[in-house]
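1. quick one, structure for this:
(chains A, B, C, D, E and F)
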Number of protein chains: 6
Amino acid sequence: MDRGKCDRKKNSNVDIVAVLETQIDDLSPQVFGYLFDLLLDVGALDVFTQSAMMKKSRPGVLLTVICQVDKIEACEEIIFRETTTLGIRQSIQKRSILDREVKIVDTQYGKIRVKIATQGKGENTTIINVHPEYEDCIAIARQFNQPLTTIQKIVLDAFFID
Amino acid sequence: MDRGKCDRKKNSNVDIVAVLETQIDDLSPQVFGYLFDLLLDVGALDVFTQSAMMKKSRPGVLLTVICQVDKIEACEEIIFRETTTLGIRQSIQKRSILDREVKIVDTQYGKIRVKIATQGKGENTTIINVHPEYEDCIAIARQFNQPLTTIQKIVLDAFFID
Amino acid sequence: MDRGKCDRKKNSNVDIVAVLETQIDDLSPQVFGYLFDLLLDVGALDVFTQSAMMKKSRPGVLLTVICQVDKIEACEEIIFRETTTLGIRQSIQKRSILDREVKIVDTQYGKIRVKIATQGKGENTTIINVHPEYEDCIAIARQFNQPLTTIQKIVLDAFFID
Amino acid sequence: MDRGKCDRKKNSNVDIVAVLETQIDDLSPQVFGYLFDLLLDVGALDVFTQSAMMKKSRPGVLLTVICQVDKIEACEEIIFRETTTLGIRQSIQKRSILDREVKIVDTQYGKIRVKIATQGKGENTTIINVHPEYEDCIAIARQFNQPLTTIQKIVLDAFFID
Amino acid sequence: MDRGKCDRKKNSNVDIVAVLETQIDDLSPQVFGYLFDLLLDVGALDVFTQSAMMKKSRPGVLLTVICQVDKIEACEEIIFRETTTLGIRQSIQKRSILDREVKIVDTQYGKIRVKIATQGKGENTTIINVHPEYEDCIAIARQFNQPLTTIQKIVLDAFFID
Amino acid sequence: MDRGKCDRKKNSNVDIVAVLETQIDDLSPQVFGYLFDLLLDVGALDVFTQSAMMKKSRPGVLLTVICQVDKIEACEEIIFRETTTLGIRQSIQKRSILDREVKIVDTQYGKIRVKIATQGKGENTTIINVHPEYEDCIAIARQFNQPLTTIQKIVLDAFFID
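-> From the prediction side, this is the model:
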């Protein structure tokens, strides 16, 4: 695993994303899990909440949605529809990204996908990160009654031996 | 309550707001309640804090102020004056907003304001949210010794029966 | 201000408090400010919330109430009445406390209370902390249009000059 | 809905629960979702995490598990197995609880369960809270393309009309 | 790495720890990093803070110290001395712990300590976790200009090959 | 200390900073302390983390780096290298700043630096904040076995007497 030595300056990839934000202080927390699913279904790249201390001692929630610019409208429609917010702020941001590739790794427990993040092209490609696919790992962990972290380590070992 | 069916594309309202942010790690938390009041008095639209983990294991505070662009200077003056911050970041953001209207609802406990959020114009107006006014509800809840959520439900029921 | 040199071992005061806790994930944050007031009115010593990440991606709230043991019932009644919780945990804890005394300090802006925390008795009394009274200070800060921290410093200076 | 008027003193129910806690600062956050499922499968009553600022500027996690006393061992085994913790603290706490009952409510969209929390016995039973079942509501919300909060309100209205 | 198969029931170790807690809402966050060092110097087992939303919209801090029972007094003295708190709650808790052992692992970058957590005795000893020593790893990472996670993986690989 | 009376409109200083943000949900919290050091070494102006509730009940971390625009690349390289993130968002923000100056103050315990924040020029300069240098104060506090807050107060008193 030869990391950290590539000349990143030549290899940077950039895209543009929208960041939607709204603070919410009068909605049951129950709604957010469902809201996450709806937003991801409609194509949001990522969704998260943070706790925020609002006026009048309210333990509010700051909702953040990262999406492609052409998904702003669909995401905003869901947020207005499912929450009590009266306003959604948006900013358009540049994003530096790594290339990603999915490979299949053979392990003693069966085939598991890994997501590989790389920088550079052709011979100069450098592996930056290797993520065993979470859903595959927990399926295996459950089936064979092994700790999740054990499965993840086995996948990484199998990947780097190849 | 016919929600979620309007054609939002034709009805979106947009305004521009300023977002002021500063992280603070050397000020007593006591100051923030007072700071919220000063900022709202001077016209801030919303104010909130979030906890942030700063360098040197400091449990700092990220302060966010949402205000109209012409209030930036007044808000910054208060922040510099009342806190220890040395710098305040600002970004100008587009904001999608719902139309808002205040109505009075008659209940068994007296008149209570509700804030109604809508999309669309004229015949195509759709109610998106109905918020019983918090200050009115807690006044009634205290006076009649009833749970706040009971009062809020009574207001909503009265609103939708009308 | 001679702090940190007393023999604390001889001077420790201890009392017993109840700690009530409940995690809530299906209630509007709006309720908590009102709940704080009700609980403090009925005699709670302190009340606070913390954000908690509940199952199903819900940004829940952990409510903690510190009260004397004879206030448990009154506090629990309010919590059941105003929130959606189905269960409130309680633990009885020993608490080491400082002696507290309130004094009036004369400043250029008028009289302001300070809360003084001490350890030890008689000649061996040591001042551990001096807190200018928050409500007094913000009243003065507003009246004379001075920063709150300036007022607090003036009070402390006046206290230690006496 | 006649809430808040029962004589709660005569009606309090109490049980005993174990609270397991451990702070974790060297484990991928990815593991916690899976851990929640395993702990709930084995019979934990509730599971949540809170962020904690650990030494050396680490954004750690405080894990809390509420369970019956006879589930302590099973829960601890899972926590040791799946996480990196070296120690799990436990305390045994008294818990005041409401009685709970599940009823089926008929709505225009079909049958939905509600969880009813009560205090008192027989004629003196008072309804304290009514929770439409989350999983039922989101199934209906998805099927009929309605906001979750709309479905929840329809269920509550149908319940109180009965 | 044979984890998760031992009979933990026979092997559990238990000790007793004190948990000291105090919420603080009128102290600069700057103090906490220094406070952590003082508490760990005097023998605290672990120290962490959590953000708490106090009354009057104050973003307070909940400080938790885990220590042996004979260190309560020393820890309390430091907390009273360095912070503004007026009271420190304490509870005595049972703690299930793993056995720990430190070994030295030889890697291509030199010797690095690993902390090994085990359950069981003699032939029945099972390794539950292996932690490369953080301070050793960052020293190596800095010296050889390698990512910290790379060094940690190399240490784990070397450990399991042995 | 004449604060709050200057005409700030004439005196505002503004610079431009980059804000880098990335949410991380599959990395050990252990890495962040080291990451902070690396980012500050390479010239970041400030670094902090916030807890974020990610999808699948993951207690993730939002990392924020404030830096000059010419440090974006160096900071991004470190973040990609040391963390598991696949994308780093950036926004360029205007920042209102105070002028800063460092002075040496003589105290009974020796010389201590203070950082003075001012607005205005020449005769119209107003002191907005005075911060005793944290590292100097803890060195003195340790050496003379005095509370940190006592040392900070002594420094401020000495500064304002001059």
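
2. farthest residue from the center of chain A?
-> Distance from the C-alpha centroid of chain A, by CA atoms, centre = their mean, peaks at residue A:56 (33.3 Å).

3. and that one, what does it touch?
-> Taking CB atoms under 8 Å, 6 or more residues apart in numbering or on different chains, we find residue A:56 in contact with B:134, C:30, C:33, E:57. No exception for glycine: its C-beta is placed from N, CA and C like everyone else's.

4. ok, is stretch A:66-74 in contact with chain B or not?
-> Yes: applying CB under 8 Å from any CB of the partner chain, one finds stretch A:66-74 in contact with chain B at residue A:73.

5. what helix or strand does the residue lying closest to residue A:132 once chain neighbours are set aside sit in?
-> Of all residues not flanking residue A:132 in the chain, residue A:155 sits nearest, at 3.9 Å (CB to CB, 6 or more residues apart in numbering or on different chains). Using DSSP states H and E, residue A:155 sits in helix A:148-161.

6. what angle sits between that helix and helix E:148-161?
-> If you take axes from the mean of the first three to the mean of the last three CA atoms, to 10 degrees, helix A:148-161 sits at 90 degrees to helix E:148-161.

7. any weak-confidence spans in chain A?
-> Filtered on pLDDT under 70, chain A yields the residue ranges A:1-12, A:162.

8. any idea which residue sits dead centre in it?
-> Chain A has residue A:46 as the residue nearest its centroid, 5.3 Å off, counting by CA atoms, centre = their mean.

9. surely that residue is in contact with residue A:66?
-> Yes: counting by CB atoms under 8 Å, residue A:46 touches residue A:66, with 4.4 Å between them.

10. by how many degrees do the helix or strand hosting residue A:88 and strand B:87-97 diverge?
-> Secondary structure here is read from DSSP H and E; on that basis residue A:88 sits in strand A:87-97. Going by the same axes, to 10 degrees, strand A:87-97 is angled at 120 degrees with respect to strand B:87-97.

11. neighbouring strands for strand A:87-97, and are they parallel or not?
-> Sheet pairing of strand A:87-97 (DSSP bridges) gives strand A:13-24 (antiparallel), strand B:87-97 (antiparallel), strand F:87-97 (antiparallel).

12. now mean neighbour count too, for the ones you listed, in a markdown table please.
-> Converted to a markdown table, the strands paired with strand A:87-97 look like this (neighbours: other CB atoms under 10 Å in any protein chain shown):
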| stretch | mean neighbour count |
| --- | --- |
| strand A:13-24 | 18 |
| strand B:87-97 | 18 |
| strand F:87-97 | 18 |
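
13. dump the ones you listed to a markdown table, plus distance to residue A:71.
-> Formatted as a markdown table, these follow (distance: least, CB to CB, whole Å):
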| stretch | distance to residue A:71 |
| --- | --- |
| strand A:13-24 | 7 |
| strand B:87-97 | 14 |
| strand F:87-97 | 16 |
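
14. of all these, which one is nearest residue C:94?
-> Of all the strands paired with strand A:87-97, the one in closest proximity to residue C:94, counting by CB to CB, is strand A:13-24 (39.2 Å).

15. so which residues of chain A form strands?
-> Along chain A, counting by DSSP state E, strands occupy A:13-24, A:46-54, A:58-67, A:87-97, A:99-107, A:110-119, A:126-132.

16. just put those strands in a markdown table and tack on distance to residue D:120.
-> Shown next, in a markdown table, are the strands of chain A (distance: least, CB to CB, whole Å):
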| stretch | distance to residue D:120 |
| --- | --- |
| strand A:13-24 | 35 |
| strand A:46-54 | 36 |
| strand A:58-67 | 31 |
| strand A:87-97 | 44 |
| strand A:99-107 | 58 |
| strand A:110-119 | 55 |
| strand A:126-132 | 53 |
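
17. what domains does the record give for chain A?
-> A:14-96, A:99-161 (automatic domain parsing).

18. my guess is residue A:66 contacts residue A:15, does it?
-> No: Residue A:66 is not in contact with residue A:15 according to CB under 8 Å; the separation is 11.1 Å.

19. quick check: the gap between the residue lying closest to residue A:15 once chain neighbours are set aside and chain C.
-> Among residues not flanking residue A:15 along the chain, residue A:95 sits closest, at 5.4 Å (CB to CB, 6+ apart). Distance, residue A:95 to chain C, using CB to the nearest CB, to the nearest Å: 24 Å.

20. what residues are up against the residue in chain A positioned nearest to chain C?
-> Closest residue of chain A to chain C, CB to the nearest CB: residue A:51 (3.3 Å). The neighbours of residue A:51, taking CB under 8 Å, 6+ apart as the test, are A:59-62, B:50-51, C:51, C:59, E:51, F:51.

21. the closest residue to residue A:20 other than its chain neighbours: neighbour count?
-> Nearest residue to residue A:20, sequence neighbours excluded (CB to CB, 6+ apart): residue A:65, at 4.3 Å. When neighbours are counted by other CB atoms under 10 Å in any protein chain shown, residue A:65 registers 28.

22. residue A:154 too?
-> 20.

23. for it, which residues are in contact?
-> Counting by CB under 8 Å, 6+ apart, residue A:154 makes contact with A:107-109.

24. kindly report the same for residue A:31.
-> Per CB under 8 Å, 6+ apart, neighbours of residue A:31: A:82-83, D:148-149.

25. would you mind measuring from residue A:45 to chain E?
-> To chain E, residue A:45 is 24 Å away according to CB to the nearest CB.

26. is that residue in contact with residue A:72, as I believe?
-> No: Residue A:45 is not in contact with residue A:72 according to CB under 8 Å; the separation is 11.9 Å.

27. next to chain F, which bits of chain A? Give me the list.
-> Checking chain A against chain F by CB under 8 Å from any CB, the hits are A:3-4, A:8-9, A:12, A:17, A:19, A:32, A:36, A:40, A:46-51, A:64, A:66, A:91, A:93-98, A:100, A:117, A:119, A:128-129, A:131, A:134.

28. leaving out the residues flanking it, which one is nearest to residue A:13?
-> residue A:97 is the one closest to residue A:13 (CB to CB, 6+ apart), at 5.0 Å.

29. is that neighbour in a bridge, and if so with what?
-> residue A:13, residue F:87.

30. and it, how far is that from chain D?
-> 20 Å.

31. residues contacting that residue?
-> Shown in contact with residue A:97 (CB under 8 Å, 6+ apart): A:13-15, F:86-88.

32. residue A:107: neighbour count?
-> Around residue A:107 there are 17 residues (other CB under 10 Å).

33. that one and residue A:155 touch, don't they?
-> Yes: the criterion here is CB under 8 Å, and residue A:107 meets it with residue A:155 at 5.9 Å.

34. just to revisit the earlier point, highest mean neighbour count out of the domains of chain A?
-> domain A:14-96 (a mean of 21; mean count of other CB atoms under 10 Å in any protein chain shown).

35. endpoints of that domain, how far apart?
-> 5 Å (CA to CA, to the nearest Å).

36. got it, and stretch A:25-33?
-> Where stretch A:25-33 begins and where it ends lie 16 Å apart, using CA to CA.

37. can you list the residues of chain A near chain E?
-> Proximity of chain A to chain E (CB under 8 Å from any CB) is limited to residues A:1, A:3-4, A:51, A:53, A:55-57, A:59, A:145-147, A:150, A:153, A:156-157.

38. which members of those residues are the farthest-apart pair?
-> So, the residues of chain A next to chain E by CB to CB: farthest apart are A:56 and A:157, at 53.4 Å.

39. quick revisit: next up, the contacts around the residue nearest to the centre of chain A.
-> A:65-66, F:23, F:54-55.

40. lovely, talk soon.
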